[in-house]
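Student: Predicted structure and sequence below. I'll ask about it afterward.
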Amino acid sequence: MSAPSVNKGLTFAGSPIKLRNIVLFFAGVGILYLIPQFLDGKPFELRLLTVIFLYAVMGQSWNILGGYAGQISIGHAMFFGLGAYTSTIAFLNFGVNPWIGGLLAVAVSALAGVLIGIPCFRLRSHYFVIATLVVAESIFLIFSEWSFVGAAIGLELPIRPSGWENFQFHRNKIPYYYIALTMLVVVTIFVIWMERSKIGFVLKGIRDDEDAVRSLGFSPLRYKLIAMAFSAGILGFCGTFYAQYVLLIEPPTVLFASISVIVALIPIFGGIGTVAGPIIGSVILLTISEYSRVHFSGSGRNVDLLIYGALIMVFAAYCPGGVMSMISSLRARFRKGAV
Amino acid sequence: MIQVLKSIGRSFSSMKWPLTAVVAGSLLASPATAQETIKIGALYPLSGAVAKSGEDTLNAIKLAVEIINGQHPELNIPFAKTTGLPRLKNAKIELITADHQANPEIGAAEAERMISQRKVVALIGTFLSSVASTVSTVAERNEIPFMTGDSEATPLTERGYKWLFRTTPTSRDQARDFFVFLRDLNSKTDQKVKTIAVVHENTLWGQEFGKSMAGHFKDFPEFTLAVNIGYQQGTTDVTSEVQRLISAKPDVVVHASYDAEAILFAKTYKQFNFTPKGVLAIGAAFSSSAFRNALKSDANYFLVREHWALDLADRNPLIGEVGQLYQKRYNKAMDGAPARAFQAMMVLADAINRAGSTKPEAIQKALKETDMAPSSLIMPWEGVKFDAKGQNTKTRGIFVQTINEAPATVWPFDMARTKIVWPKPAQ
């Protein structure tokens, strides 16, 4: 970023966003809101876009902690799962409307994030990574055996009539698309704001040099906890969305390590610590995985997963900074060539 | 530049005629090949932890479709002698397969795609009950029949769905078989069984089984539960579990364990000289080839509740035919899971044939009217007939005992070729 993160007056303001970019952003969003009109009778494409939005949101939330604050977590499935379980249990046991359940999920996940963060943030770099992995695995095991939450069998949401008030849509799934898209727009605007706010500057400072930030009088722990709460809370709502979308949750699908890996992989692949990174990562990774699955998975030879895995390896080897770093280096080269 | 364009143009003009011929040829050929295939979507886990079982199971379904579509005058299996389904002008079945990756969300999405974009008339699958749960919901909403021959979780057919049909016994029915078997055994021997210990691994399958077992004691008051032990799947030490068993002194132990832990438990039993009257198990782990290879003669006398066994071929020639075909086609012995899936596909084909139509309502009606005799099945059941919830009510389990390091069917006693060894001799 162009604004200095450390200066005497400590004013925090990013360079103003260009009007052109604001117009482009909202024009793009407008087009996305119109797309479902053309997806009648195409559930595959509709679902693909819905899932891309969902994973982009999950990537954004991981990016707040992993990308901006530099605290790499591979245990984020726990917040997703906690969110899914919170709203589902609230609905099944207390009849709480899933929309309110979603807000509860945000609160529970954010609180869990803070409680887990307090001890884990005492650790740095790879020790922190291991701590997140271990905590997530413990939660997975607890939920697999705890009969109140359905143990390994999981919880099934009863089918209610389609409608916004029930957060369930059956024959026509376009509302899920709108909800996922709205989540993405809101979270992306939030991240843009956060990136340019004081919090964003301190988080980036922590990522680059934690001790320097402390020497300026900021508490790194406090800001890391704020990042964790944002990150976990957003994932909590994603969990509720997933539960309402699939209507069945079980530890292997909402709490398992594979979710932790994918939510980290998406921003890392797209461009860690950038606003567009998680969106680009989600679009590319999910498009490849879904199309290769549809076209090759039926053979039972796992060609789809081979293609997916090979692509990630090639990318990791040749473009470790993600798609965004590739774009900016290409742009730099183009500019140089033009001059 | 112009040179390049010209050469591209030339190559296009030289390609033009063969291309047209191909297009014309395919247009002419299409009416013959597109003649009314019956599209059925098959959803199985082909990647991940249960990929192997998913593949074996899907292979059995593919074999069933090959038998239905081709002409096999030498076989007595239904639909083998004719091509396709006779009542649908010999239309062939086209199987559309997909990997659901053991993920209920992907399973539901694939089901939806198959129904609306591939126009399947029925679905079959899914091995995992969690995926069957979401797939059946999609099928119910879209009013497309969904047949499962391998998803066992009891609640699936408790939801009152009208488009879900299950040929395989539920996990509750399978647990019940242990009680029926032990009651039958008690009537035949002096070594009466009174106390039962249940040992199960703690993933979905084991937990379901443990629950199902516990639910049956009130219907079989002559038995009492000695102890119910759950353990973590993938554990490398079961000493404490075995010590708990020893102190509970059960007459029999009933297991739900996967391969590795089955071997571990059998070895630890021997180490601690724990000798109940019998060790019974659900699933194939205690009679698998891995188990027998690891334990040699110590693998003897364990009893396994199975769905199917090759040695039943003496009584039912269809079992021999299918078993041989499977072995020849996939170079692997058929076992219970593929046999069940094969049967489910056959039941579905039978219903579509009787419906004489690919309309989902007609297939659903025919499925509801299904009443198949044991002689047309490869499963040792009393038939296939669905109740109002879509559950087959005529299933039956068998018990297989490893004797001289080979599996042999020992129960039901009237089906058994080999006499049961009871109580389990101390080794």
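Tutor: Ah, there it is. Numbering: from 1, shown residues only, chains lettered A, B, ... in the order given.
Student: near chain B, which residues of the stretch 51-200 of chain A show up?
Tutor: Residues of the stretch 51-200 of chain A lying near chain B by CB under 8 Å from any CB of the partner chain: A:141, A:144-145, A:151-154, A:156, A:159, A:170-171. Quick note: C-beta positions are derived from backbone N, CA and C, even for glycine.
Student: what are the ranges of the helices in the stretch 51-200 of chain A?
Tutor: A:77-94, A:98-120, A:125-145, A:174-196, A:198-208 (DSSP state H, counting those that start in this stretch).
Student: residues touching the closest residue to chain A within the stretch 201-350 of chain B, list them.
Tutor: Going by CB to the nearest CB, chain A is nearest to residue B:204 of the stretch 201-350 of chain B, at 4.3 Å. Shown in contact with residue B:204 (CB atoms under 8 Å, 6 or more residues apart in numbering or on different chains): A:152-154, A:250, B:129-130, B:153.
Student: just checking, what packs against the longest helix seen in chain A?
Tutor: Longest helix in chain A, counting residues (DSSP state H): helix A:220-246. Here helix A:220-246 touches helix A:43-63, helix A:77-94, helix A:98-120, helix A:174-196, helix A:198-208, helix A:210-215, helix A:251-254, helix B:104-116, going by 3 or more CB pairs under 8 Å, 6 or more residues apart in numbering or on different chains; DSSP states H and E.
Student: coming back round to it: save the residues of the stretch 51-200 of chain A next to chain B as JSON lines, and put in pLDDT too.
Tutor: Below are those laid out as JSON lines (pLDDT from 0 to 100):
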{"residue": "A:141", "pLDDT": "92"}
{"residue": "A:144", "pLDDT": "90"}
{"residue": "A:145", "pLDDT": "88"}
{"residue": "A:151", "pLDDT": "88"}
{"residue": "A:152", "pLDDT": "85"}
{"residue": "A:153", "pLDDT": "85"}
{"residue": "A:154", "pLDDT": "90"}
{"residue": "A:156", "pLDDT": "90"}
{"residue": "A:159", "pLDDT": "86"}
{"residue": "A:170", "pLDDT": "86"}
{"residue": "A:171", "pLDDT": "81"}
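Student: quick check, nearest of those residues to chain B?
Tutor: residue A:152 (4.3 Å).
Student: Contacts for the helix or strand where residue A:25 lies, please.
Tutor: Assigned by DSSP states H and E, residue A:25 belongs to helix A:19-34. Residues outside helix A:19-34 that contact it (CB under 8 Å, 6+ apart): A:178, A:181, A:185.
Student: Report the angle between it and helix A:174-196.
Tutor: 160 degrees (axes from the mean of the first three to the mean of the last three CA atoms, to 10 degrees).
Student: Report the buried residues of helix A:19-34.
Tutor: Neighbour-count burial for helix A:19-34 flags residue A:32 (criterion: 16 or more other CB atoms under 10 Å in any protein chain shown).
Student: returning to that earlier point: if you rank the contacts of helix A:19-34 by neighbours, which is first?
Tutor: residue A:181 (22 neighbours; other CB atoms under 10 Å in any protein chain shown).
Student: separation between that residue and residue B:421?
Tutor: Noted for residue A:181: a distance of 65 Å to residue B:421, by CB to CB, to the nearest Å.
Student: out of the contacts of residue B:204, who's nearest residue B:397?
Tutor: residue B:153 (16.6 Å; CB to CB).
Student: okay, the closest one: pLDDT?
Tutor: As predicted, residue B:153 sits at a pLDDT of 89.
Student: repeat for the one 4 residues further on
Tutor: Among the per-residue scores, residue B:157 holds a pLDDT of 93.
Student: remind me which residues of the stretch 1-150 of chain A are low pLDDT?
Tutor: For the stretch 1-150 of chain A, the stretches flagged by pLDDT under 70 are A:1-14.
Student: Looking at the helices of the stretch 51-200 of chain A, which one is packed in the most?
Tutor: helix A:77-94 (a mean of 25; mean count of other CB atoms under 10 Å in any protein chain shown).
Student: how far does it sit from the chain's center?
Tutor: Distance of helix A:77-94 from its chain centroid, counting by CA atoms, centre = their mean, to the nearest Å, is 17 Å.
Student: just for the stretch 301-427 of chain B, where's the confidence low?
Tutor: Looking at the stretch 301-427 of chain B by pLDDT under 70, you get B:427.
Student: now the strands: where do they sit in it?
Tutor: Assigned by DSSP state E, counting those that start in this stretch, the stretch 301-427 of chain B shows strands spanning B:303-306, B:398-403, B:406-411.
Student: Pipe those into a markdown table and attach distance to chain A per row.
Tutor: A markdown table is the format used below for the strands of the stretch 301-427 of chain B (distance: least, CB to the nearest CB, whole Å):
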| stretch | distance to chain A |
| --- | --- |
| strand B:303-306 | 21 |
| strand B:398-403 | 26 |
| strand B:406-411 | 27 |
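Student: Give me the buried stretch members for stretch A:151-161, please.
Tutor: Residues of stretch A:151-161 classed as buried: A:151-157 (neighbour count, 16+ other CB under 10 Å).
Student: could those residues go into CSV alongside distance to residue B:286?
Tutor: Below are these laid out as CSV (distance: CB to CB, whole Å):
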residue, distance to residue B:286
A:151, 24
A:152, 21
A:153, 24
A:154, 27
A:155, 32
A:156, 31
A:157, 37
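Student: before we move on, which element is residue A:285 in?
Tutor: Going by DSSP H and E, residue A:285 is part of helix A:276-296.
Student: ok, and what's touching that helix?
Tutor: A:44, A:48, A:51-53, A:55-56, A:58-60, A:62-63, A:67, A:184, A:188, A:262, A:265-271, A:303-305, A:307-308, A:311-312, A:322-324, B:98-99, B:101, B:106, B:113.
Student: Mind doing that once more with 6 Å?
Tutor: A:48, A:51-52, A:55-56, A:59-60, A:63, A:266-267, A:269-271, A:303-304, A:307-308, A:322-324 (CB atoms under 6 Å, 6 or more residues apart in numbering or on different chains).
Student: okay, the helices and strands packed on helix A:220-246 in JSON lines with distance to residue B:256 next?
Tutor: Below are these laid out as JSON lines (distance: least, CB to CB, whole Å):
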{"stretch": "helix A:43-63", "distance to residue B:256": "34"}
{"stretch": "helix A:77-94", "distance to residue B:256": "25"}
{"stretch": "helix A:98-120", "distance to residue B:256": "33"}
{"stretch": "helix A:174-196", "distance to residue B:256": "37"}
{"stretch": "helix A:198-208", "distance to residue B:256": "48"}
{"stretch": "helix A:210-215", "distance to residue B:256": "50"}
{"stretch": "helix A:251-254", "distance to residue B:256": "18"}
{"stretch": "helix B:104-116", "distance to residue B:256": "22"}
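Student: To residue B:238, which of these lies closest?
Tutor: It is, among the helices and strands packed on helix A:220-246 and with distance given as CB to CB, helix A:251-254, at 22.6 Å.
Student: so, in contact with chain B or not, the helix or strand just after that closest one?
Tutor: Counting by DSSP H and E, the element after helix A:251-254 in chain order, helix or strand, is helix A:257-270. No - remark: helix A:257-270 sits outside contact range of chain B, by CB under 6 Å from any CB of the partner chain, the gap being at least 9.1 Å.
Student: Helix A:257-270 relative to helix A:125-145, how many degrees between them?
Tutor: Using the same axes, to 10 degrees: helix A:257-270 against helix A:125-145 is 140 degrees.
Student: my read: residue A:249 touches residue A:155, true?
Tutor: Yes - between residue A:249 and residue A:155 there is a contact under CB atoms under 6 Å: 5.5 Å.
Student: which residues do those two both contact?
Tutor: Contacts common to residue A:249 and residue A:155, judged by CB under 6 Å, 6+ apart, are residue A:88.
Student: which residue packs closest to residue 129, ignoring adjacent ones?
Tutor: Picked chain A for this. Excluding its sequence neighbours, the residue lying closest to residue A:129 (CB to CB, 6 or more residues apart in numbering or on different chains) is residue A:72, at 5.2 Å.
Student: should've been chain B
Tutor: Nearest residue to residue B:129 in three dimensions, chain neighbours excluded: residue B:153, at 3.4 Å (CB to CB, 6+ apart).
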